[in-house]
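> Any chance you can model this:
(chains A and B)
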Amino acid sequence: MNVFNQFREKIQAALEDLARRQGWPDGLPFDRVTVEPPRDLSHGDISTNAAMLLAKPVGTNPRAIAAPLAEALARLPEVESAEVAGPGFINLRLAASVWLAEVAAILSEGTAYGSSTTGEGRRVNVEYVSANPTGPLHAAHARGAVFGDALAALLKKAGFTVTREYYINDAGAQVETLARSTHLRYREALGEDIGAIPEGHYPGEYLKDVGQAIAESDGDRWVGKPESEWLEVFRARAVELMMTEVKRDLLAMGIQFDTFSSERALVEAGAVQRAFDTLDGRGLVYTGVLEPPKGKTPDDWEPRPQLLFKASEFGDDVDRPLKKSDGSWTYFANDIAYHLDKFLRGSPELIDVLGADHGGYVKRMKAAVTAISGGEGSLDVKLCQLVHLFDGGKPVRMSKRAGTFVTLRDVIDSVGSDSVRFIMLTRRNDQTLEFDYQKVQEQSRDNPVFYVQYAHARATSVIRHAGEALPGHDLSDAALAKVSLGSLTDPDELGLIRLLAGWPRLVESAADAHEPHRVAFYLGEVAAAFHSLWNKGKDEAHLRFILPDDTATTLARMALVRATATVIASGLGVMGVQPVEELRE
RNA sequence: GUCCUCGUAGCUCAGUUGGAUAGAGCGACGGUUUCCUAAACCGUAGGUCGCAGGUUCGAGUCCUGCCGGGGACGCCA
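As a prediction, this is how the structure comes out:
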């Protein structure tokens, strides 16, 4: 149970009661009242801005609302004190039993603790990775992959019904280049000397395997034949084999998709035409001539009538072309069809996770989603900034042309999936991120993966020791959930408990904001509070977790220790990271 | 030229969708170990939240305009 939501209801009830008795006007914005922990813990456990928010619409001053409201709240059995402070905040101090009950709740719910129903089962489609099937995933893809996957997990925990989706761009010129490059490697596999890979082809060594595979299965039947005969075959085979590779690499990071959508399949099924007809039917398509882009006019620019979508009616800067001059659909047109497809498959809420270089694309796609769904659908685009790779502080140089780019597989193989996943979430998605091979493997405070894992391992270790110190006692979560927790009275113990009790609230707000990185920062806080408490036992022996002469207190503390480990495990679960039991080598 | 995005301590970054005296880590300085994992912890110093206006009870957060970094800009995907 989310303590803050629980009190939101109580506060709203008190407000409604007050409104009745004092004859306040109808339609007051009670739903905008915040119920949150104050920044400064000395202000109490829960703070609400109700009085300040309502003063104006009620037509009085904040204090005139705060005083009777505080009085009413103070009468609640769970509330120890209610004070009016500052410009009109009401600070509540809750009975310790409220917090202690959360410890028991964590132990009985396990890592499911923090799950919420705010999503109300609403369907969300999260599209991420969606790398072109023209080569293996490289390190830069890791960020979007981890971000999207964690966001999907977070939304699921917050009660949404989530579809994880990958869009295969298998329809454009790039996959034809892939097919031609593969054909070269195929000839090479059959013993031909192909020399240097010509300009306009993908030089990567990874295509040798694909060429080899086709040589083995098909023999020399595609040698010396015109391109028109083999292009389709090579395209399809190469894409298929590349996607197999991509899926395998993603699986190595624990990432699995519910749906893979093929751009080509959509086009062939006539989905683009249908999307176009939908827009056309709403009068949102016309033939017109675009102005050349200011400041950077292409050399070969010439004004040309084109089929345009009225994106500017939905917040975009200009209208956008749907057809190329050769009459084929633009990528944008295909993408509109794809988003309509996602919408029609039952997800009104769409999320695209893209690289930051797609920033210029956001407005038009949002406009398109609004237009094509008749305002029923919404799109949020999360742009992931670059990842800079370092090795012991030295930048790792990458060049696609020189073929020296680092693959996702390289990174996973050298530092492990868990480290990659955690580090990728230690920055907001729109900030550039530094990833240092050495640092993520360090066992120091400097390495957030280690720091959080250490807290979990330390908790496990303490429980193990307690088992030796208190033989014959049941230290299972089920047993600890029933233990009397009255001896948890130290301010730092209660502080840790309050932090743990904030997990459900964090899940809700992070899911709402589509910001999974908050989980990583939160776990850092939990770990810090736990390490701090552990060390406090060094200075003050009575605060040690295990007190051989005081079984009752030890059991209560074991409950807290297990609750801490459980919340950490719950958070790591959202991040897709495995909690470790032991760090000793 | 237009649009997007970022700008917070010496460095790297958070900041609870507008709340109270802006927080962490690193680095610096000073402490803590016969004891549950010192792979850690505690304390001190460090700020014109890029600049200037505006909105309101209240702005790091929202609006406008500048400055600076990054990105995008018709038939690439």
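
> Count residues in the vicinity of residue A:357, would you?
Neighbourhood size, residue A:357 [other CB atoms under 10 Å]: 10. All C-beta spots, glycine's among them, are computed from the backbone N, C-alpha and C.

> Pretty sure residue A:507 sits against residue A:154.
Yes. Because the distance of 6.9 Å satisfies CB atoms under 8 Å, residue A:507 is recorded as touching residue A:154.

> Common neighbours of the two, please.
Listed contacts common to residue A:507 and residue A:154 are A:519, A:574; contacts here mean CB atoms under 8 Å, 6 or more residues apart in numbering.

> Could you list the low-pLDDT ranges of the stretch 251-400 of chain A?
A:295-298, A:398-400 (pLDDT under 70).

> Would you point out which residue is most central in chain A?
Closest residue to the average C-alpha location of chain A: residue A:151 at 2.3 Å, with CA atoms, centre = their mean.

> Could you point out the helix or strand that follows whatever helix or strand it lives in?
In this structure, residue A:151 sits in helix A:139-157 according to DSSP states H and E. Remark: after helix A:139-157, the chain's next helix or strand is strand A:161-168, criterion DSSP H and E.

> And that next one, what does it pack against?
strand A:123-127, helix A:139-157, strand A:259-262, helix A:263-268 (3 or more CB pairs under 8 Å, 6 or more residues apart in numbering; DSSP states H and E).

> Can you lay out those as TSV showing distance to residue A:48?
Converted to TSV, the helices and strands packed on strand A:161-168 look like this (distance: least, CB to CB, whole Å):
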stretch	distance to residue A:48
strand A:123-127	30
helix A:139-157	26
strand A:259-262	43
helix A:263-268	50
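
> Now the closest residue to residue A:62 other than its chain neighbours. Its backbone dihedrals?
Distance criterion CB to CB, 6 or more residues apart in numbering; nearest residue to residue A:62, sequence neighbours excluded, is residue A:88 at 3.0 Å. The phi/psi pair for residue A:88 (degrees, to the nearest 10) reads phi 140, psi 10.

> how about the helices and strands packed on strand A:161-168, which one is nearest RNA strand B?
Nearest of the helices and strands packed on strand A:161-168 to RNA strand B, taken as CB to the nearest atom of the strand: helix A:263-268 at 6.3 Å.

> Now the closest one - C-alpha only, PDB.
The C-alpha coordinates for helix A:263-268 follow below in PDB (Å, rounded to 0.1, in the frame of the first residue of the first chain):
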ATOM      1  CA  GLU A 263       8.200  -2.100 -42.600                       C
ATOM      2  CA  ARG A 264       8.200  -4.100 -45.800                       C
ATOM      3  CA  ALA A 265       5.300  -6.300 -44.700                       C
ATOM      4  CA  LEU A 266       3.300  -3.200 -43.800                       C
ATOM      5  CA  VAL A 267       3.900  -1.700 -47.200                       C
ATOM      6  CA  GLU A 268       3.100  -4.900 -49.000                       C
END
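
> list the contacts for the residue nearest to residue A:201 when sequence neighbours are not counted?
Counting by CB to CB, 6+ apart, the nearest residue to residue A:201 once its immediate chain neighbours are dropped is residue A:181, at 4.3 Å. Listed by CB under 8 Å, 6+ apart, the contact set of residue A:181 reads A:197, A:201-203, A:207.

> could those go into JSON lines alongside pLDDT?
Output for the contacts of residue A:181, formatted as JSON lines (pLDDT from 0 to 100):
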{"residue": "A:197", "pLDDT": "90"}
{"residue": "A:201", "pLDDT": "91"}
{"residue": "A:202", "pLDDT": "90"}
{"residue": "A:203", "pLDDT": "87"}
{"residue": "A:207", "pLDDT": "94"}
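
> what angle sits between the helix holding residue A:151 and strand A:123-127?
Here helix A:139-157 runs at an angle of 170 degrees relative to strand A:123-127 (axes from the mean of the first three to the mean of the last three CA atoms, to 10 degrees).

> who touches the lowest-mean-pLDDT helix or strand in chain A?
Least confident helix or strand of chain A, by mean pLDDT, DSSP states H and E, is strand A:394-395 with a mean of 82. With CB under 8 Å, 6+ apart as the test, strand A:394-395 has contacts from A:388-389.

> now check that strand, is it near RNA strand B?
No. Using CB under 7 Å from any atom of the strand, strand A:394-395 stays clear of RNA strand B, coming no nearer than 13.4 Å.

> Direction included, what does that strand pair against?
strand A:387-391 (antiparallel) (DSSP bridges).

> Quick one: the helices in the stretch 451-585 of chain A, in order.
Using DSSP state H, counting those that start in this stretch, the helices of the stretch 451-585 of chain A run over A:477-480, A:491-501, A:503-513, A:517-539, A:551-575.

> cool, the stretch 151-300 of chain A as well?
Taking DSSP H, counting those that start in this stretch as the test, the helices found in the stretch 151-300 of chain A are A:173-189, A:207-218, A:227-251, A:263-268, A:271-281.

> contacting residues around the one residue in the stretch 451-585 of chain A that gets nearest to RNA strand B?
Here the stretch 451-585 of chain A gets closest to RNA strand B at one residue, residue A:537, 2.9 Å apart by CB to the nearest atom of the strand. Residue A:537 makes contact with A:543-545, according to CB under 8 Å, 6+ apart.

> Does residue A:102 touch residue A:2 like I think?
No. Counting by CB under 8 Å, residue A:102 stays clear of residue A:2, with 9.6 Å between them.

> which one of these two has more residues nearby?
residue A:102 (22 against 19).

> isn't residue A:463 right up against residue A:561?
Yes. Taking CB under 8 Å as the definition, residue A:463 is a contact partner of residue A:561 at 6.2 Å.

> What's the separation between residue A:345 and residue A:225?
Distance, residue A:345 to residue A:225, using CB to CB, to the nearest Å: 40 Å.

> same check, this time on residue A:180
For residue A:180, the distance to residue A:225 (CB to CB) stands at 13 Å.

> repeat for residue A:232
12 Å.

> and if you look at residue A:44?
Counting by CB to CB, the gap between residue A:44 and residue A:225 amounts to 79 Å.

> ok so, going back, looking at residue A:463 and residue A:561, which is more packed in?
residue A:561 (25 against 17).

> show me the contacts for the more buried one.
A:459, A:462-463, A:545.

> what's the answer for residue A:145, then?
Contacts of residue A:145 by CB under 8 Å, 6+ apart are A:128-129, A:137, A:250, A:253, A:255, A:408.

> Kindly state the domain boundaries assigned to chain A.
A:3-94, A:130-171+A:257-384, A:173-251, A:444-575 (automatic domain parsing).

> re earlier: out of the helices and strands packed on strand A:161-168, nearest to residue A:39?
helix A:139-157 (23.8 Å; CB to CB).

> Pull that closest one out as PDB, backbone CA atoms only.
What follows is helix A:139-157, C-alpha atoms only, in PDB (Å, rounded to 0.1, in the frame of the first residue of the first chain):
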ATOM      1  CA  ALA A 139      27.600   0.000 -28.400                       C
ATOM      2  CA  ALA A 140      25.500   3.100 -29.000                       C
ATOM      3  CA  HIS A 141      22.400   0.900 -29.400                       C
ATOM      4  CA  ALA A 142      22.800  -0.300 -25.900                       C
ATOM      5  CA  ARG A 143      21.400   2.800 -24.400                       C
ATOM      6  CA  GLY A 144      18.100   2.900 -26.200                       C
ATOM      7  CA  ALA A 145      17.800  -0.900 -25.700                       C
ATOM      8  CA  VAL A 146      18.300  -0.700 -22.000                       C
ATOM      9  CA  PHE A 147      16.200   2.500 -21.600                       C
ATOM     10  CA  GLY A 148      13.300   1.100 -23.600                       C
ATOM     11  CA  ASP A 149      13.400  -2.200 -21.800                       C
ATOM     12  CA  ALA A 150      13.500  -0.600 -18.300                       C
ATOM     13  CA  LEU A 151      10.800   1.800 -19.200                       C
ATOM     14  CA  ALA A 152       8.600  -1.100 -20.400                       C
ATOM     15  CA  ALA A 153       9.300  -2.900 -17.100                       C
ATOM     16  CA  LEU A 154       8.600   0.200 -15.100                       C
ATOM     17  CA  LEU A 155       5.300   0.800 -16.900                       C
ATOM     18  CA  LYS A 156       4.300  -2.800 -16.300                       C
ATOM     19  CA  LYS A 157       5.100  -2.400 -12.600                       C
END
